[in-house]
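Chemist: A structural model of the following input is requested.
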Amino acid sequence: MKKLFKTALSLMVLALGIAPVMAFPDVSDSHWAAPEIKILSEQGVIVGYPDGTFKPDDNVTRAEFAAMAIRALGQQHTKVAQPVHFSDIDENYWAYEDIQKALYFDLISCEKSGELFRPEDSVSRAESMSVAVNALTTETISTQKAKEVLEKAYIDANTIPEWFLIPAGKAEILGMVVVMPSAQKAALEAERPATRAEVAAILFKMMEQAKLNPNAKLAEAMRKKTGEGFVIDNATVQGSVGTIPAGTIVPIQLNTYISTRSSEGGAMYTAKVPQNYVTKEKFILIREGASLKGQLLDVRKGQYFVRNGVLVLQNSLITTENDQTSGFSAVGEIKKDRNWWMKFVRWAFKGEQLEIPAEGTANMKLLQPIKVDLTNGWIFE
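Modeler: Numbering: from 1, shown residues only. Purely as a prediction, here's the structure:
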């Protein structure tokens, strides 16, 4: 029961559903890590406890830190094709996917299959700062150089573990070492468990540096993807987020035949995106092949001297290449391009019928804006 409670608590701490507006009663505005805690909490990287507190002096587990690091880098939706096996966690463990992503992006390493991950151990300051450095492309430095820069700054430089010397030296050169403000010469305290406040500060520094010099795998993942396709001229781009405004007309391709003669109102339909939706800069918003679902909102047969046919589609969902199912609210009224005389002739003598053949295209008008992460195609809801 104790383990179950701890796992549930960890999930709540890392949950992304609600990002508070920095209202932690135990973190004052004057707290040394208050700015970093505020920014990361607003972005959903870290959140408070159920009682509303942040507990800045509590420790963080290795599993929690892996999940936080992946969220700080914006890679929570990345898929890992070949997971690494650990002897103490499996795919049912709550942070399994995040740990695999941390491995994939070279934030942490595993020398051989079957190693222990120690997910419930507290992450040390050395481990957390090493992850932050591993997220970056950095210049090579020697062990001697690392010792020189560390000895100038920290009273315990001679006790730093051998494996941490170069990551610590790089962190110092990049201004990424986190120590609580002190009037005396600082101590690195490499093997001490990192507090939640320290973790927030370390992750913030990592985020800022990764925007400029991410490692090779992160650089590829963070690159906005480009391609050819249906250009949405009024789409906007802000950073890595693209927005298709409400009112935009986009084409969809029906999978089955529908018509005013044979179809009924309320019937469901499936369709797909016939080609990439792209911005005018060629950034891919929605990839070709994404599947769509909706229903026939209004179907009425054409009747002479009464009306021409009415065929209205209402789309509701989209499933992307990420296997993400999201809202895609759009409506399309099927019409034939006729001059006024032919419209009258059809109405008077036949009642024009409407149809879309299988693999035929319909134009849909978005009822709500669609926001997309241009690096991975994830739709923000």
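Chemist: Using PDB, write out every CA atom in stretch 167-181.
Modeler: What follows is stretch 167-181, C-alpha atoms only, in PDB (Å, rounded to 0.1, in the frame of the first residue of the first chain):
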ATOM      1  CA  PRO A 167      30.300  17.000 -16.700                       C
ATOM      2  CA  ALA A 168      30.900  19.300 -13.700                       C
ATOM      3  CA  GLY A 169      33.600  21.200 -15.400                       C
ATOM      4  CA  LYS A 170      31.400  21.700 -18.500                       C
ATOM      5  CA  ALA A 171      28.500  22.800 -16.200                       C
ATOM      6  CA  GLU A 172      30.700  25.300 -14.500                       C
ATOM      7  CA  ILE A 173      32.000  26.800 -17.800                       C
ATOM      8  CA  LEU A 174      28.400  27.100 -19.100                       C
ATOM      9  CA  GLY A 175      27.200  28.600 -15.800                       C
ATOM     10  CA  MET A 176      24.900  25.700 -15.200                       C
ATOM     11  CA  VAL A 177      26.000  24.700 -11.700                       C
ATOM     12  CA  VAL A 178      23.300  25.300  -9.100                       C
ATOM     13  CA  VAL A 179      24.300  26.100  -5.600                       C
ATOM     14  CA  MET A 180      22.200  27.900  -3.000                       C
ATOM     15  CA  PRO A 181      23.400  31.500  -2.300                       C
END
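Chemist: So for it, what gets flagged as buried?
Modeler: Of the residues in stretch 167-181, those with enough neighbours to count as buried (16 or more other Cβ atoms under 10 Å) are 167, 168, 169, 170, 171, 172, 173, 174, 176, 177, 178. The way it works is simple: take the backbone N, C-alpha and C, and place the C-beta from them, glycine included.
Chemist: Kindly report the same for stretch 243-257.
Modeler: Neighbour-count burial for stretch 243-257 flags 243, 244, 248, 250, 252, 253, 254 (criterion: 16+ other Cβ under 10 Å).
Chemist: before we move on, the earlier item: can you list which of the buried residues of stretch 167-181 are found in helices?
Modeler: Here DSSP state H is the test, and the buried residues of stretch 167-181 give 167, 168, 169, 170, 171, 172, 173 as lying in helices.
Chemist: and which of those is nearest residue 58?
Modeler: Of all these, residue 58 sits closest to residue 171, with 22.8 Å by Cβ to Cβ.
Chemist: How about the contacts made by residue 66?
Modeler: The contact partners of residue 66, by Cβ atoms under 8 Å, 6 or more residues apart in numbering, come to 95, 98, 99, 101, 102, 107, 108, 131.
Chemist: who touches the closest residue to it other than its chain neighbours in this structure?
Modeler: Nearest non-adjacent residue to residue 66, counting by Cβ to Cβ, 6 or more residues apart in numbering: residue 102, 4.4 Å away. Shown in contact with residue 102 (Cβ under 8 Å, 6+ apart): 66, 69, 70, 108, 131.
Chemist: how far away is residue 128 from residue 195?
Modeler: Residue 128 sits 10 Å away from residue 195, going by Cβ to Cβ, to the nearest Å.
Chemist: Need the overlap of contacts for those two.
Modeler: Any residue near both residue 128 and residue 195 by Cβ under 8 Å, 6+ apart counts here, and that gives residue 60.
Chemist: Of these two, give the one with the bigger neighbour count.
Modeler: Taking other Cβ atoms under 10 Å, residue 128 and residue 195 do not tie; residue 128 has more neighbours (23 against 20).
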